[in-house]
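Asker: any chance you could fold what I've pasted below:
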Amino acid sequence: MRCVIARFPFDLTKSGVLESMKGVKPEPVTGESVIIGRRHYPVKQVGEVVTRQDRRDFSAGEVLRAMSRLGFTCRALPEAAPARGESPSQRASVMLGTPLSG
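Answerer: Predicted coordinates for the structure are as follows:
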């Protein structure tokens, strides 16, 4: 499949991506990811290995589109849990069902 990543054309195949990623240890996933084989890789790591370009030269979206068109499972950013500004005593009060007096 022909795709453009960082303004450069690439002819990528699923088997070619699998071969390129063979033996590459996945970095910790903190954002978008691609499942290649049984491993979860950060999108930018996959793009860097497959295109041999610096990660700053392409966007995660470009690689996500290419990988999904090749049939790989892509995961978006995990939704962050809302930050709660409760103190431990406020949480305990809520759990006990009694209001905390001010």
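
Asker: okay, and the helix or strand of the protein with the least pLDDT?
Answerer: Ranked by mean pLDDT, DSSP states H and E, the weakest helix or strand in the chain is helix 88-96, scoring a mean of 76.

Asker: tell me the helix or strand right after the longest helix along the chain.
Answerer: In terms of residue count, the longest helix belonging to the chain (DSSP state H) is helix 60-70. The first helix or strand that comes after helix 60-70 along the chain, using DSSP states H and E, is strand 73-75.

Asker: how close does the residue nearest to Thr51 when sequence neighbours are not counted sit to His40?
Answerer: Excluding the flanking residues, the one nearest Thr51 by Cβ to Cβ, 6 or more residues apart in numbering is Ile5, at 5.4 Å. Every residue, glycine included, has its C-beta placed from N, CA and C. Distance from Ile5 to His40, counting by Cβ to Cβ, to the nearest Å: 20 Å.

Asker: more neighbours: which of those two?
Answerer: Neighbour count, other Cβ atoms under 10 Å: between Ile5 and His40, Ile5 has more, with 19 against 15.

Asker: so what sits opposite that one in the bridge?
Answerer: Counting by DSSP bridges, Ile5 forms beta bridges with Phe8.

Asker: repeat that for Pro42.
Answerer: Bridge pairing for Pro42 - DSSP bridges - gives Ser33.

Asker: now swap in Thr73 and tell me
Answerer: Here Thr73, judged by DSSP bridges, has bridge partners Ile35.
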